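In: This is a predicted model, with the sequence first.
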Amino acid sequence: MSSPDLIIAQPDDAEGLASLSHAAKLSYRAWAQPGWEPPVLPAERARWARRLGDPAGWTLIAFDSNATLGTVHFTDARTDRGAGEPIAGRAHLSGLFVLPARWAEGIGSTLLVAALVEMRSRGYREAQRDDWIYAPYGL
């Protein structure tokens, strides 16, 4: 399989990214606690609209001629569970999703590496995802 094309997301991509992340989150049912359900599509749309409107944020989309295949987003890490002040030198990685039908093709790795390169170019020294740090990637 050839490598996907990559583009920087724009505000009008929120709908497509919401559909992608919703489809990917459906796979969580395989390991989530019983009764867990993914966020509804309107909530996903709102989340992506916020991400794409974040001036500190960066979102990349992987696609081919047929579909949006994956995405990754990062922004400044913040204190107070994301509601406080930016944490100097630290990015917060979120929104890393790949269309389940295209798992195991390296799309997620391609997106993650591109995000880490962009983080370095912006002066971040480390990256977090919820409560863990991407130390192995040597930001």
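Out: In hand now; what should we look at? As the structure is a prediction and not an experimental result, all values here were calculated from the model.
In: Glu105: what secondary structure?
Out: coil (DSSP: H, G, I helix; E, B strand; the rest coil).
In: For it, give its distance to Leu111.
Out: 11 Å (C-beta to C-beta, to the nearest Å). (C-beta placed from N, C-alpha, C; glycine too.)
In: Between the two, which is the more surrounded one?
Out: Using other C-beta atoms under 10 Å, the more surrounded residue of Glu105 and Leu111 is Leu111, with 24 against 18.
In: Now do the SS call for the more buried one.
Out: Secondary structure assignment for Leu111 (three-state DSSP): helix.
In: from here on, count from 57
Out: Got it, the first residue is 57 from now on, which makes the last one we talked about Leu167.
In: What residues sit buried inside the strand ranked longest in the chain?
Out: In the chain, taking DSSP state E as the definition, the longest strand is strand 142-154. Buried positions in strand 142-154, judged by neighbour count with 16 or more other C-beta atoms under 10 Å: Arg146, Ala147, His148, Leu149, Ser150, Gly151, Leu152, Phe153, Val154.
In: just checking, what packs against that strand?
Out: With contacts defined as 3 or more C-beta pairs under 8 Å, 6 or more residues apart in numbering; DSSP states H and E, strand 142-154 has these neighbours: helix 70-82, helix 97-109, strand 124-134, helix 163-177, strand 182-185.
In: Pairing partners for the shortest one, with directions?
Out: According to DSSP bridges, strand 182-185 forms sheet pairs with strand 142-154 (parallel), strand 188-189 (antiparallel).
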